[in-house]
Structure formats: C-alpha cells, structure tokens
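[1] One predicted model, sequence on top.
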Amino acid sequence: MDVETRTPMESDPKSMIGRTGVGAAAREQRAAALDVWLSDLFEAAAGDAAGEVALVALGGLGRLEMAPYADLDLVLIHRGLRDIGAVAEKIWYPIWDAGLTLDHSVRTIDEALGVAAEDTKAGLGLLDARHLTGSAELTAQLRDLTLAQWRQKARHHLPMLRELTTHRWRVQGELAFLLDGDIKEARGGLRDVRVLRGVGYAQVADAWRPPVRAAYTRLLDVRDALHLVAGRRRDRLFAQDLAEVGGMLELLGGGDALRRRVTDDARAIAYAVDDALRAAERWLAVQRRGPRRTTPTVRVPVAPDVVAQDGEVVLARAAVTPTVDPTLSLRVAAAAARNGLRISPGTLEWLARRCPPLPRPWPASARAAFAQLLGSGPALVETWEACDRFGLVSTWLPEWARIRSAPQHNPVHRYTLDRHLIETVGHAARFAREVARPDLLSLGALLHDIGKGLPGDHSVVGVDVAVRLATSIGISREDASVIGTLVRHHLLLPEVATRRDLADPETVRHVVDCVGDVDTLELLHALSRADAAATGPAAWSAWKERLVADLVHRVRTALESGIVAAPPSLDTRYAVLATGALPAVELTPDRVVVAAYDRPGLLASVAGCLTLHRLDVVSVDASTVPVDGGLGREVAIVVCRVQPRDAAGPDRERLVGDVRRAVSGELRVDEALAARARASRLRSTNRGVAPPPPRVVWAVDGATDAAILELRAGDDVGLLFRVARALEETGADIRAARISTLGADIVDAFYLNGDWSDPEARARIERALLAAAAPG
C-alpha cells in the first residue's frame, strides 16, 4: 500500500519514518508520510469543525527536513473553538501511542502571536510554520502576521537572539573543532541556520547565500545518517560513528573525509552567523540613533588603497581599477589585522574575483604585508579565517588547500591542522621581542606542522615543503634554511625536556648539535611555547615550562661557553637522609624524596603510593649509597618530582605514613591500585574506540652512562607502578625516569644502568613492559 493511501490504523509512523534513507528526497518523503498520517488523524478528530481549526507543522516537519528520528512540533490553531481540547487529545494521543516525541500547543492566532512577541525562541519557531490540514486561511493568516510581527519587533528579538545564540555556543562549543560535536546545537551547526533565517526574515541582512545553503544541506545529510547509524535520535557525532556515517554518505576517505567536511561546513555557517549578527548590530545602532540623527559615512585611510568604514575594512575608490595589483589582497588583510578590523564581505568577494595570483617569488611589498599580517597577534585568526572562506589564502599559499580543515587525530589538539597553525602564529607574536628574527618566528610557526598528512614523520617530511614555500615567497636561502630547522626540530625542546635527564651531559650535547646557535635556540624556545598554547591545555603545564626553560638555559650556556657542566650526584644532595632512621621521607610542594634499604620493587612501591595519593609523577631519579661499613648493604635514594591532581594537594602526614608502609611492604599498593583502576574503567568516557597498542623504543647511545628505554602507551591508573615493577622484576637497574603525559597517551623514558646492547636482553624487557602496559 502506498504511503499516501494509508489510514491511521494501517500505518506504523515510527517505522515508516525510521527506515527511509539519507538526503533531501528522503527527508521530504518522511515529511510527506507524516503529512498524510497527521491529516487523517486531524480529519477524524475535527469532524465538522475542520473549517475552524488548522494543524500547523513547525521545526523539521515545517521545513520539510524531517530527520529519521526527529521530534514532531505541531500547533493546533483555532478560532475560539470551545471543545478544542477534545479535538487536540484525539490528535496528540495517537502520536504518543505511536512512540513519537511530540512538542505541541493549542492556541488562537492572538495567543500564538502574544507568545511569539515575548518569547524570541517561540517567535523564531513560528517562522517555520507550514500548513498541514484544516483551514488554510488560518495558517496563512498566522504566517503573515507572524512575519510582520517579527519584523516589527526586530529591535527586541535580534538582541535576544544574539544572547541566546552566544549562550548556546558557550555551552556546546564550536562544531568545527570538537571531537564529539553536536551537529545541531554546537556553533556552526544546524541551529545556527535558524539564526540566519531569523536575521533574514527581519530584512536586516541577506544571510542565506549559496555556500551556506550547501553547507546546511550537507549537515542535514550527516544528521540523517547519524540517526540511522544510532537507530534513534542522536545529534552528537562520536568518533566511533565516523566511518559508518561516512560510508553511508559514500565519502571517499571514510571517517577523516567526514570529519573534514563537517568542519568545513561548520566553519562556513559560523562565519555567516558572525556576519549576520554584526549586520544586526549595525542595523540596531541605526535604529537607536533614529532617522533624525543620521550621520554621513566616514571613510578613514588605514593603509594605501585601504580605508575603514563602519568598523570594517574596505577598498579605497582608487584601488578599484581594471588592472588590480596582485599584492592588494595581502595588503588589505594586513591592514585589517593590524587595526583589529573586519574585512567587509563585499570587499572579500571582490578580491576573490578580481585579484590576480601573486608572482613567484613574491615582490618585497607582498612579503612586508605578509610579515605584518602574521605579526598581528590574536587579530590574525579572524582575518585569516575570513580570507580563507573566500579562497584568498590558497592563492597566497597553494599548499594550504591540502591542510584546510584537516583533522588532528590526537585528542590533545583542540583545533584542526590549519587553525592550529594560525593559532600558533597568533601566540608566537607574544614572544616577538625575545628573538632576533620575529619574522622567521612567525613564518616558522605558520609552517611547523605543514608536513602533517604526508607519508612519514611530519617533522622530517615537512622540511622540504616548508623550505619550498619559504623560497617561493622570496626569502633568502639562509632564512629558508632556518625555517627548515624550525620545522625539523619544533618538537625538540619539549620532547627532550620531558623525556630525558637534563643533568646528563649527553642530553645537552644532543640539543646543541641540533640547534647550532643561540638565535635558533631562542626561535625554537618561542615556537615551542606558542605551539603548546595553540594545541590545548593538556600540552603544557607550569612543570613543563620550567623543564623547557631549564634545558634552554643549559644549552645556551653550552653554546656560549663550549662547556657542558657535570651534574651533582644524588647521594651528595640527599646523603643525610641515609644516615637516619629508615625508611625516611622528605616532602616539598613538588618533590618527594625517599631513602630506604634497597630492594627489588622499591621504586614501584613508591610510584604506586604516590598515585594513590593523586600525585602525578613527572620524573624519577634514583641512586644508591653503601652503608653498614661496606658490608654489601645499600640505601636507595629515590627522588620523585610530582604534580598534585587536586589544588589542595595530599594530606602530608598520611602521605608520609603510607610511603613508609609501602616501601616496607606493609601497604599492598598493587591491590589498592587495581581496585582504583577498575573503578576508573567503569567511569571511562571512551566510547568504543580501540587505542593503538603500546610500543617500546630503545636509544642505546642516548645517554652518557645508561641506555634509554621509551614506553609509548595509553595512560592508565597505576601504569607507572606496573611498569616499574616489571622492570625491577626483570633485573633492570633504573637510574632515572621521565614521565610525559599528553592527553590520553604517555611517553615514559627510563634510564637503565648497564650494557643493553644484547638484543635478547632488550627483547625480554620489551615483553615485560608491553604486558604491564596492556589495558586491564
């Protein structure tokens, strides 16, 4: 039986909605099926009163955009019918009985308009009203009066619309840069298009342009597929959904292609909403001034060929010529960012159509404008995004098209690849006065991750790409070589500082060899801090900042003096602890020092006990000193640098007592950690995405007097305890450890005393570590 001929008793609305497919045709089919079913319900309920009542669809059904498991939003409009409640019940109850979610109301036109006049959300919703059945005259009257009232009360609705929208953005975040974003509610999502339509209905701005319509349609397709994959109404796109949703949309490239498309569409919608809300602000300002207080337009020159007008950057009249200077778009962008102004959309459209590509290499005026643009600080981000929306950036840097909206796979990153690079440049401006060449700092920040997405280590493969781009814009070979060094070693300082023993002369020599001179060291230091700030809060901490600064100081001293200082030994600094009652514990806000008779498992017990007290261990140094007159007994000194997870920190007295009990074997650290790990896994927010397996990497020649073993794995409660115990049980002698955590991943480096050149010995250690690091 065709859907159009079904009766309420013969149809299953929930089934016929949920089983249809993806796309505009499927959405219209779902809406049409519901229209027929709801019309049948209405006719049976209204009877002879059908001419006095109208059933009106709002929301997705009103817009013919019915998602597979969307709610129904219906209004029953009537002309003061006394028994309208009975009519409504005969319509609403069958809908509920069918298992559909219903948002409903019963109102006269005056009542509906009264609510819409005071409630901006209700008024915006009524703009989607579509007649289903009953009195078409009532529905037409409702629509006409709603639209007239919305325009009449725009001075009330538009500020409230902005407030509601910005509040939602604060709660939901920005869809383009969320790993688990809400397709509907997040900034740049479907809900924002209703904001655009509201501004458009107020006749304030033409916000419904073809690129926005295309982006909106694609996001609707994503939501359709997401509903079908989930088998229910769900608008949040999780990582485990990407491959299946991308496959349903027939995207080549699967999950990554879907993430990239969602990001690009969300950015297009977000830009359009920003533009529309600014237009609304300008319109409101004019309304507040009133017609009698109009002032002539003021155009203020801000750069050659560029003027400021109404808070925006536009072209000077002299610049609008048949022959356009290829550097004009860069000069406009630089003027806008430097003055903290927005480029008008009309100017961007004109530049996108008329401005020719830059010659290669760039002329000096283009390089100067580009340096000004990159050095503008936080204002750079909005200017760059606007230019990129209109395709200008790809004319400056053709390589940019490859990385635009490219997803970052490590959750520690808060932004897409292209946005991360721009954010890094913006943060780098804070350090411009700390380096000899701020222009190279900005360009290095822009290109430091340009190799991502290409086969191989992005720090290595990105060098040729960066040098080629730098050369194409006309900088010297020497400066391009510095850019290559910044790209190759942009991770050097934070990785060495957090994974290596800074007191080891070999560590400092390695960095000296990579850096070469003090100017490059300063550039790398500034780039490291800017890169971390642009990555996200998990990428940086006060502890990491101190470590990097310490490493930079040591390397600078070595570069200037040619001498790498030998470190003081642990037994010299803490020998006094070994002479008193054992075990002994010394606490400072960021350090726990333990002296105890050496035994297998001592380091693991200390690390596990600190974990139980919610202290993150970031480094460990260990040494032994002989006691008892040289009779073979030794005292181990274990120094742990720690970071409290809670602002209040641990209970000092309890911590000291538990450490002493742990090293003496009275406290069963393993059992307590296992219980905590089980509880943590029950609370885990990991939504079924399997992490990569742990990995062991050796650096046999990376230290002066030890071999370095790195464990790369997913973080877990008690992981350091298990790993340290596995090492000690296999007979490894740990001199030091450096613990580095990035989001859900760790890189733990262990300095092992002795000769570890034997492959069989290394394989034995690897097996033990991989077993210890495997998720429970």
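    It's in. Residues are numbered from 1 along each chain as shown.

[2] helices and strands of this structure: which one bottoms out on pLDDT?
    Taking mean pLDDT, DSSP states H and E as the measure, the helix or strand of the chain with the lowest value is helix 13-18, at a mean of 59.

[3] The closest residue to residue 489 other than its chain neighbours and residue 462, how far apart?
    Distance criterion CB to CB, 6 or more residues apart in numbering; nearest residue to residue 489, sequence neighbours excluded, is residue 514 at 5.3 Å. Quick note: C-beta positions are derived from backbone N, CA and C, even for glycine. Between residue 514 and residue 462 the distance, using CB to CB, to the nearest Å, works out to 16 Å.

[4] Give me the more crowded residue out of the two.
    Under the neighbour definition other CB atoms under 10 Å, residue 514 and residue 462 were set side by side, and residue 462 has more, 23 against 17.

[5] Surely residue 439 and residue 370 touch.
    No. Using CB atoms under 8 Å, residue 439 and residue 370 do not qualify as a contacting pair, with a distance of 9.2 Å.

[6] The two: which is more packed in?
    Neighbours were counted for residue 439 and for residue 370 using other CB under 10 Å; residue 370 has more, 25 against 18.

[7] got a list of what the more buried one touches?
    When contacts are counted by CB atoms under 8 Å, 6 or more residues apart in numbering, residue 370 touches 330, 334, 362, 396, 473.

[8] Quick check, pLDDT for it.
    Residue 370 carries a pLDDT score of 97 in this model.

[9] which element is it on?
    Per DSSP states H and E: residue 370 is located in helix 364-374.

[10] CA-only coordinates of the helix or strand that contains the residue nearest to residue 489 in CSV, if you can.
    Secondary structure assigned from DSSP H and E places residue 514 in helix 505-515. These are the backbone C-alpha positions of helix 505-515, laid out as CSV (Å, rounded to 0.1, in the frame of the first residue of the first chain):
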residue,chain,number,x,y,z
PRO,A,505,75.8,15.9,29.5
GLU,A,506,74.8,13.8,26.5
THR,A,507,71.3,15.3,26.6
VAL,A,508,72.7,18.8,26.4
ARG,A,509,75.2,17.9,23.7
HIS,A,510,72.4,16.4,21.5
VAL,A,511,70.4,19.6,21.6
VAL,A,512,73.5,21.7,21.0
ASP,A,513,74.2,19.7,17.9
CYS,A,514,70.6,20.1,16.6
VAL,A,515,70.3,23.8,17.3
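
[11] just checking, what packs against that helix?
    In this structure, helix 505-515 packs against helix 492-499, helix 542-561, with contacts taken as 3 or more CB pairs under 8 Å, 6 or more residues apart in numbering; DSSP states H and E.

[12] looking at those helices, which is closest to residue 91?
    The closest of these to residue 91 is helix 542-561. By CB to CB, the value is 61.9 Å.

[13] ok, residues contacting the closest one?
    Around helix 542-561, the neighbours that count as contacts under CB under 8 Å, 6+ apart are 493-494, 496-498, 502, 507-509, 511-512, 515, 517-518, 521, 525, 528-529, 532, 563-565, 590, 618, 641, 643.

[14] cutoff 7 Å now
    Applying CB atoms under 7 Å, 6 or more residues apart in numbering, the contact partners of helix 542-561 are 493-494, 496-498, 502, 508, 511-512, 515, 517-518, 521, 525, 528, 564, 618, 643.

[15] Same check on stretch 273-290?
    The contact list for stretch 273-290 (CB under 7 Å, 6+ apart) reads 155, 158-159, 162, 192, 195-196, 199, 204-205, 207, 310, 345.

[16] ditto for stretch 751-765
    Residues from elsewhere that reach stretch 751-765 (CB under 7 Å, 6+ apart): 501, 698, 700, 703, 706-709, 727, 730, 732-736.

[17] thinking again about what came up before, tell me the first helix or strand C-terminal of the least confident helix or strand of the chain.
    Once helix 13-18 ends, the next helix or strand along the chain (criterion: DSSP H and E) is helix 24-46.

[18] Could you list the buried residues of the following helix or strand past that next one?
    Where DSSP H and E defines the elements, the next helix or strand beyond helix 24-46 is strand 53-57. By 16 or more other CB atoms under 10 Å, the buried positions in strand 53-57 come out as 53, 54, 55, 56, 57.

[19] Report the angle between strand 53-57 and helix 24-46.
    Interaxial angle, strand 53-57 versus helix 24-46 (axes from the mean of the first three to the mean of the last three CA atoms, to 10 degrees): 160 degrees.

[20] Domain boundaries for this protein, per the record?
    Segmentation of the chain into domains, based on automatic domain parsing, reads 3-152, 156-291, 301-492, 570-773.

[21] Dump these into JSON lines; add distance to residue 559 as well.
    Converted to JSON lines, the domains of the chain look like this (distance: least, CB to CB, whole Å):
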{"stretch": "domain 3-152", "distance to residue 559": "60"}
{"stretch": "domain 156-291", "distance to residue 559": "39"}
{"stretch": "domain 301-492", "distance to residue 559": "14"}
{"stretch": "domain 570-773", "distance to residue 559": "19"}
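
[22] show me what contacts the closest residue to residue 379 other than its chain neighbours?
    Ranked by CB to CB, 6+ apart and with sequence neighbours excluded, the top spatial neighbour of residue 379 is residue 337, at 4.6 Å. By CB under 7 Å, 6+ apart, the contact list for residue 337 reads 373, 376, 379, 380, 383.

[23] picking up where we left off before, determine which stretch of the helices and strands packed on helix 505-515 is the most buried.
    Scoring these by mean neighbour count under mean count of other CB atoms under 10 Å gives helix 492-499 as the most buried, with a mean of 22.

[24] That one - contacts with which helices or strands?
    Taking 3 or more CB pairs under 7 Å, 6 or more residues apart in numbering; DSSP states H and E as the contact definition, the neighbouring helices and strands of helix 492-499 are helix 505-515, helix 518-535, helix 542-561, strand 734-742.

[25] Of those, give the one that comes closest to residue 427.
    Ranking those by distance to residue 427, with CB to CB as the measure, places helix 518-535 first at 3.9 Å.

[26] Now the buried members of the contacts of helix 542-561.
    For the contacts of helix 542-561, burial is judged from neighbour counts taken by 16+ other CB under 10 Å, and it is met by 493-494, 496-498, 502, 508, 511-512, 515, 521, 525, 528, 564, 618, 643.

[27] Lowest pLDDT pick from the residues you listed?
    Per-residue confidence over those reaches its minimum at residue 564, where pLDDT is 82.

[28] List just the one of the helices and strands packed on helix 505-515 that sits closest to residue 147.
    Closest to residue 147 of the helices and strands packed on helix 505-515 is helix 542-561 (CB to CB; 56.1 Å).

[29] Can you give the distance from the closest one to the centre of its chain?
    Here helix 542-561 shows a centroid-to-chain-centroid distance of 30 Å under the convention CA atoms, centre = their mean, to the nearest Å.

[30] can you tell me which of the contacts of residue 337 are in strands?
    Secondary structure assignment by DSSP state E places none of the contacts of residue 337 in strands.

[31] Of those, which is the nearest to residue 185?
    Each of those was scored against residue 185 by CB to CB, and residue 383 proved nearest at 27.7 Å.

[32] Per-residue pLDDT of the closest one, please?
    On pLDDT, residue 383 comes in at 96.

[33] need the contact list for it.
    Applying CB under 7 Å, 6+ apart as the definition, the contact partners of residue 383 turn out to be 333, 336, 337, 343.

[34] Put the alpha carbons of the strand or helix carrying the third one into CSV.
    Element membership of residue 337 [criterion: DSSP H and E] is helix 328-339. Extracted C-alpha coordinates of helix 328-339, given in CSV (Å, rounded to 0.1, in the frame of the first residue of the first chain):
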residue,chain,number,x,y,z
LEU,A,328,46.3,44.1,-2.9
SER,A,329,44.6,41.1,-1.1
LEU,A,330,47.6,40.7,1.3
ARG,A,331,47.8,44.4,2.0
VAL,A,332,44.0,44.5,2.8
ALA,A,333,44.4,41.5,5.1
ALA,A,334,47.4,43.1,6.8
ALA,A,335,45.6,46.4,7.3
ALA,A,336,42.6,44.7,8.8
ALA,A,337,44.5,42.6,11.3
ARG,A,338,46.9,45.4,12.3
ASN,A,339,44.0,47.6,13.1
